[in-house]
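S.K.: how would this look folded up:
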Amino acid sequence: MPLNLPTYLTWARILMIPLFLGVFYIPQRILSLNWQDVIGAALFSLASITDWFDGYLARKWNQTSAFGAFLDPVADKLMVAAALILLVQLGRVDAWLAFIIIGREITISALREWMAQVGASRSVAVSFVGKVKTAAQMIAIIVLLFHQNLIPHVDMQWLGTISLILAALLTLWSMVYYLRMAWPELMAKEKERVR
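M.R.: Prediction:
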């Protein structure tokens, strides 16, 4: 396992998950819901920044590794799943919406694992649409975690929900994109199996 700053940042993101979740379990007589929202949104924002930063540094300093390529998406998916499940529990996100996003992540992770096993992992490498999807998800989750109506006449719950629906649509679009990229390989392997 390579030990460098990008890997440390990825590990930090994973270690932030219990801290992030724990904020919302502090009794409200000690930490009000408003402060839980602010701190939770800040921690999730920090994790989102480290997601971008660790990849940038790994490429810039030529410190990319197979382990980092494995750990980085795991950290992202754990953080997003934890936040979505928390938001469902808080009543800020409908379960079906969280299921679409988490279900897509599981599906694409399984597809990438299978494609790596058959030596065609480049077919499902991260694409631009995947990066846009991730950015939309992170922004929507931050808005829903923050949940404070600071802008007059703007309901943050409504804005966050609309943003998350947009993120879910991008999620489905990116899933279709990856499945289309993998389809020729899937069909070729199926023909080999039938022969």
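S.K.: and Pro18, what helix or strand is that in?
M.R.: Per DSSP states H and E, Pro18 falls inside helix 5-23.
S.K.: for that helix, the distance to its chain's centre please.
M.R.: 13 Å (C-alpha atoms, centre = their mean, to the nearest Å).
S.K.: List the buried residues of it.
M.R.: By neighbour count with 16 or more other C-beta atoms under 10 Å, helix 5-23 contains the buried residues 6-7, 9-11, 13, 16-17, 20-21, 23. Just so you know, the C-beta spots here come from the backbone N, C-alpha and C atoms, and that holds for glycine as well.
S.K.: Kindly report the same for stretch 174-194.
M.R.: 174-175, 177-178, 181-182, 185-186.
S.K.: Now Ile101: closest residue in space, sequence neighbours ignored.
M.R.: Using C-beta to C-beta, 6 or more residues apart in numbering and skipping residues adjacent in sequence, the residue nearest Ile101 is Thr171, 5.3 Å away.
S.K.: Now do whatever helix or strand that neighbour lives in, average pLDDT.
M.R.: If you go by DSSP H and E, Thr171 is part of helix 156-194. If you average the pLDDT over helix 156-194, you get 84.
S.K.: Quick one: list the elements packing against that helix.
M.R.: helix 95-117, helix 128-146 (3 or more C-beta pairs under 8 Å, 6 or more residues apart in numbering; DSSP states H and E).
S.K.: mind putting the ones you listed in CSV, mean neighbour count and distance to Glu192 included?
M.R.: CSV is the format used below for the helices and strands packed on helix 156-194 (neighbours: other C-beta atoms under 10 Å; distance: least, C-beta to C-beta, whole Å):
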stretch, mean neighbour count, distance to Glu192
helix 95-117, 16, 14
helix 128-146, 20, 28
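S.K.: wait, which of those helices is closest to Gly68?
M.R.: Among the helices and strands packed on helix 156-194, helix 95-117 comes nearest to Gly68, with 15.0 Å by C-beta to C-beta.
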